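**Student:** missing the sequence, but the structure's below:
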């Protein structure tokens, strides 16, 4: 496999790790209302006989900074949505009037804030590990290509340097995402 293909695959995999973290962080509660808190919540719907994401069952809006408003497309699934929110770990009690569900997002306590910070740091570290594992795997491929005399020693060295630069680039992106989310959580 040519070196540039290995580098391209490496960059693609590292980008996926950063994107995954970006998606995960959207679901972390910060004390501010955000549709990302609940849109991927799995809701078992008895009437449909399947489990669906909340965003497929209701429109999600933010009428105020600390309130989410869920308006089910089908009013018969309102109770299923309420049950899913109550059993989830987001820590918000739904209020329903039979047509819409209001989710008041309470401010985070100091203890909860610390738990959230630890959680996002762990998420970031997991993605850094994924990035480093990608680096290791690609370096092994380059070494194998070199052993089989498909590429020269200089090409292998240059490719490994490029992969190291990619690793640093994507690790710094992970750090930036975690730092931004941490700042958001620490705001009172």
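**Tutor:** Great, that's in hand. Note that the structure is predicted; figures quoted are calculated from it, not measured.

**Student:** what sits against the residue positioned nearest the centre of the chain?
**Tutor:** Central residue of the chain (CA atoms, centre = their mean): residue 24, 1.6 Å from the mean position. Residue 24 is in contact with residue 123, counting by CB atoms under 8 Å, 6 or more residues apart in numbering. No exception for glycine: its C-beta is placed from N, CA and C like everyone else's.

**Student:** Does it fall in a helix, a strand, or a coil region?
**Tutor:** Using DSSP: H, G, I helix; E, B strand; the rest coil, the structure places residue 24 in helix.

**Student:** for the closest residue in space to residue 41 that isn't next to it in sequence, what are its contacts?
**Tutor:** Closest residue to residue 41 apart from its sequence neighbours, by CB to CB, 6 or more residues apart in numbering: residue 54 at 4.4 Å. By CB under 8 Å, 6+ apart, the contact set of residue 54 is 38, 39, 40, 41, 42, 43, 60, 70, 81, 84.

**Student:** do that again at 6 Å, thanks
**Tutor:** Listed by CB atoms under 6 Å, 6 or more residues apart in numbering, the contact set of residue 54 reads 38, 39, 41, 43.

**Student:** So residue 78 belongs to a strand, correct?
**Tutor:** No. Per three-state DSSP, residue 78 lies outside any strand segment and is helix.
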